[in-house]
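K.L.:
got a structure for you, letters missing:
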């Protein structure tokens, strides 16, 4: 084994300036060659990782968009159902207003029956009274008829 193959340098080589420059150039060339090989490997690894990241991001984004699309379709169907419910609620509100008016109508019917009964009793009592009191009772009957006609409206 020789000193050249083992990369062993002797002191005499350093003492010689030309030898030193040659050695420096040789070292610089070997360092730049290994650095270029290493940088090439790093560039390949970085580009491979960039491609993997792009695939992962694309897959995630694609999943999010498909989920978003299905949610938008669901939202459109829900909007249609809400519109149907609004029309049904309007119909129910109309019926409730009619039902709220029924107790008032019922009271008017009952009062109308009571007024009719009062008129009949007043007519019976009026038949047994004298003329002056019958005139006053006729006025009461007229007032009762006015109230009854107001209730029927």
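P.N.:
Thanks, I have the structure now. Fair warning: this is a prediction, and the values are worked out from it, not measured in the lab.

K.L.:
who touches stretch 101-113?
P.N.:
For stretch 101-113, contacts defined as Cβ atoms under 8 Å, 6 or more residues apart in numbering pick out 148, 151, 152. For the C-beta atoms, the positions are set from N, CA and C on the backbone; glycine is no exception.

K.L.:
most neighbours of all those residues, which one?
P.N.:
Using other Cβ atoms under 10 Å as the neighbour criterion, residue 148 leads the contacts of stretch 101-113 with 18 neighbours.

K.L.:
leaving out chain neighbours, which residue sits closest to that one?
P.N.:
residue 115 (4.6 Å; Cβ to Cβ, 6 or more residues apart in numbering).

K.L.:
tell me the first helix or strand C-terminal of the strand or helix carrying the one you found.
P.N.:
For residue 115, the host element (DSSP states H and E) is helix 17-127. Downstream of helix 17-127, the next assigned helix or strand under DSSP H and E is helix 131-152.

K.L.:
that following helix packs against which elements?
P.N.:
helix 17-127 (3 or more Cβ pairs under 8 Å, 6 or more residues apart in numbering; DSSP states H and E).

K.L.:
and for residue 125, the neighbour number?
P.N.:
The burial count for residue 125: 13, using other Cβ under 10 Å.

K.L.:
same deal with residue 126?
P.N.:
Residue 126: 16 surrounding residues under other Cβ under 10 Å.

K.L.:
that one and residue 86: what is the separation?
P.N.:
59 Å (Cβ to Cβ, to the nearest Å).

K.L.:
what's the answer for residue 47, then?
P.N.:
Relative to residue 86, and taking Cβ to Cβ, residue 47 is found at 57 Å.
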